[in-house]
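Asks: Sequence below, structure please.
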Amino acid sequence: MEITAKESTIVRPAQDTPKGSLWISNLDLLVARYHVPTVYFYKPNGCSDFFDSGKLKEALSKILVPFYPIAGRLGFDKNGRLEIVCNAEGVLLIEAETTSAIDQFVGDSSINSQGFRLVPEVDYTRGISSYPLLVLQVTTFKCGGVGLGVGIHHTLADGISALHFINSWAETARGLSLSIAPLMDRTLLRARVPPTPTFHHVEYDPPPSILASDKSQSFDHKPSIVSIFKLTVDQLNTLKAKSNIENPDDTMKYSTFNILAAHLWRCISKVRGLSNDQPTRLYIPIDGRSRLNPPVPPGYFGNVIFGATTIAQAGDLRSEPFTETIKRVHRLLKQFNDQYMRSAIDYIEKAPDLSTLVRGPHNSQCPNLIINSWVWLPF
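Replies: Numbering: from 1, shown residues only. Below you'll find the model as predicted:
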């Protein structure tokens with residue numbers, strides 16, 4: 001696929017915005033420190049102003065006023081703690097075109113990995129204050145369709161907050177008022193004084209590594225492969241029926257996610273050929289907004305992601321009834337209430353070295369697994 005960049009623009013807020021440093025929460029400090037890439041595809045609708053460049057830039061400049069930290073940069077305070085420097089230096093918007101067809105990317109899983117070429121690359125080598133926190137690319141296809149590539153720094157926002165911005169930009173481009181105003185005060189998630197963790201937070205322990213007996217299989221340093229598996233309603237119903245047959249006296253109704261997560265954990269542990277005594281960790285990112293008490297306000301802009309984590313031996317996952325694995329997942333997610341999550345924030349506050357807690361690829365490498373559901377995101 002050939003992509004030709006036509007214009008590159010730094011877009012700044014349309015009005016003066018608050019200047020200074022924005023304190024970020026412990027949850028913001030733990031996310032992987034890179035831009036999360038997503039691509040949105042739009043087929044032509046026949047309108048003469050479809051993805052009009054001028055309107056997009058104008059709306060982007062306007063929406064950066066209420067979402068002003070997005071136009072800033074990362075920095076460190078005098079104690080070396082990461083922060084967002086609100087300086088209105090702007091975001092990157094690239095306009096590009098390609099002779100490829102949009103149908104090559106929509107619905108064809110064999111080519112979808114190329115879609116990330118529609119998101120601008122970020123040069124991280126010059127320090128954390130050198131690059132925009134938001135990079136955008138509008139690529140026009142030969143059919144007139146458009147791919148909107150978005151790279152938003154994870155320290156800035158989780159999935160819900162990122163889509164809050166994207167949807168607000170769309171509302172502004174259509175001349176509408178914002179459905180939900182952003183809230184930039186992240187002190188809502190400040191640790192208690194004094195911090196008082198009351199649980200053992202296994203999610204912040206080092207992940208299990210491959211036992212010496214399994215190292216001969218050479219799990220490390222294999223290239224990553226992107227695959228898409230489509231599950232039908234009938235297949236999901238089959239899994240649900242299996243759980244009901246195994247334990248007909250259980251009155252608990254388990255969610256589709258609980259059942260599917262249990263199935264994936266068992267299957268992946270099996271296909272990896274892990275030994276029976278090999279510990280394997282399941283990590284599920286969950287949104288804490290509605291679980292905290294009081295709930296986080298709808299417009300909160302930042303990260304409210306907690307890591308639900310449990311560990312089992314691979315042999316137990318293979319030998320136990322399917323319903324027992326489902327119960328493991330159910331118990332794991334149920335424990336994440338206000339008390340547990342406030343304890344987690346306090347635990348992070350007391351950690352002597354936060355760098356050991358920052359999430360990254362090591363969290364999901366064999367023998368461990370991350371299952372991240374995006375079905376609840378407001379696309």
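
Asks: Now the worst-scoring helix or strand of the chain on mean pLDDT: buried residues?
Replies: Ranked by mean pLDDT, DSSP states H and E, the weakest helix or strand in the chain is helix 233-246, scoring a mean of 89. For helix 233-246, a neighbour-count test (16 or more other Cβ atoms under 10 Å) marks 239-240, 243 as buried. Where C-beta positions appear, they are placed from N, C-alpha and C, glycine not excepted.

Asks: go on, stretch 73-85?
Replies: Within stretch 73-85, the residues that count as buried by 16+ other Cβ under 10 Å are 73-75, 82-85.

Asks: Which ones among the residues you listed map onto strands?
Replies: Among those, the ones falling in strands (DSSP state E) are 73-75, 82-85.

Asks: Can you tell me which of the buried residues of helix 233-246 is nearest V146?
Replies: Closest approach to V146 among the buried residues of helix 233-246 (Cβ to Cβ): L239, at 37.7 Å.

Asks: Verify the contact between that closest one and L260 for me.
Replies: Yes - in this structure L239 lies within contact range of L260 using Cβ atoms under 8 Å: 6.8 Å.

Asks: on that earlier part again, can you add pLDDT and distance to Y42 and give the ones in strands among the buried residues of stretch 73-85 back as CSV?
Replies: Below are these laid out as CSV (pLDDT from 0 to 100; distance: Cβ to Cβ, whole Å):
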residue, pLDDT, distance to Y42
R73, 98, 30
L74, 98, 31
G75, 98, 35
L82, 96, 35
E83, 98, 35
I84, 98, 30
V85, 98, 33
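
Asks: ok, back up a step: report the two of the buried residues of stretch 73-85 separated the most.
Replies: R73 and L82 (11.5 Å).

Asks: any idea where the strands of this structure begin and end?
Replies: Along the chain, counting by DSSP E, strands occupy 3-11, 20-22, 35-42, 73-76, 82-86, 91-98, 134-140, 146-153, 279-287, 305-313, 369-370.

Asks: Stretch 38-53 spans what distance, first to last residue?
Replies: Counting by Cα to Cα, to the nearest Å, you get 20 Å between the two ends of stretch 38-53.

Asks: residues of that stretch that come out buried?
Replies: Those would be 38-39, 41-42, 51, for stretch 38-53 by 16+ other Cβ under 10 Å.

Asks: quick one: which of the residues you listed is nearest F105?
Replies: In terms of Cβ to Cβ, no member of the buried residues of stretch 38-53 lies closer to F105 than F41, at 6.2 Å.

Asks: Buried residues, stretch 268-276. List them.
Replies: Counting neighbours by 16+ other Cβ under 10 Å, one finds that the buried residues in stretch 268-276 are 268-269, 272, 274.

Asks: Please flag which of those sit within helices.
Replies: If you go by DSSP state H, the buried residues of stretch 268-276 have 268-269 in helices.

Asks: what's the most distant pair in the buried residues of stretch 268-276?
Replies: Largest separation among those by Cβ to Cβ: I268 and L274, giving 9.3 Å.

Asks: Low-confidence bits of the stretch 101-250 of the chain, can you list those?
Replies: Applying pLDDT under 70 to the stretch 101-250 of the chain picks out residues 107-113, 214-222, 249.

Asks: just the helices in it please.
Replies: Secondary structure of the stretch 101-250 of the chain (DSSP state H, counting those that start in this stretch): helices at 159-173, 233-246.

Asks: Packing partners of the last one?
Replies: Translated: helix 233-246. Contact here means 3 or more Cβ pairs under 8 Å, 6 or more residues apart in numbering; DSSP states H and E; on that basis helix 233-246 packs against helix 256-271, helix 322-334.

Asks: relative to helix 256-271, how tilted is that helix?
Replies: Angle of helix 233-246 versus helix 256-271, following axes from the mean of the first three to the mean of the last three Cα atoms, to 10 degrees, is 90 degrees.

Asks: ok, residues contacting helix 233-246?
Replies: With Cβ atoms under 8 Å, 6 or more residues apart in numbering as the test, helix 233-246 has contacts from 254, 256, 259-260, 263, 321-323, 326.

Asks: try it again with 6 Å
Replies: The contact list for helix 233-246 (Cβ atoms under 6 Å, 6 or more residues apart in numbering) reads 259, 263, 321-323, 326.

Asks: Most neighbours of all these, which one?
Replies: Counting neighbours by other Cβ atoms under 10 Å, I326 leads the contacts of helix 233-246 with 28 neighbours.

Asks: if you skip the residues just before and after it, what's nearest to that residue?
Replies: Nearest residue to I326 in three dimensions, chain neighbours excluded: A262, at 4.4 Å (Cβ to Cβ, 6 or more residues apart in numbering).

Asks: Just name the closest of the buried residues of stretch 73-85 to P208, please.
Replies: Checking these one by one against P208 (Cβ to Cβ), the nearest turns out to be L82, at 28.1 Å.

Asks: Specify the beta-bridge partners of that closest one.
Replies: For L82, the beta-bridge assignment (DSSP bridges) gives partners F76.

Asks: how much space between it and V36?
Replies: Counting by Cβ to Cβ, to the nearest Å, the gap from L82 to V36 is 17 Å.

Asks: on that earlier part again, what would the contacts of helix 233-246 look like in JSON lines with distance to F67?
Replies: JSON lines is the format used below for these (distance: Cβ to Cβ, whole Å):
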{"residue": "I259", "distance to F67": "38"}
{"residue": "H263", "distance to F67": "39"}
{"residue": "P321", "distance to F67": "49"}
{"residue": "F322", "distance to F67": "45"}
{"residue": "T323", "distance to F67": "45"}
{"residue": "I326", "distance to F67": "40"}
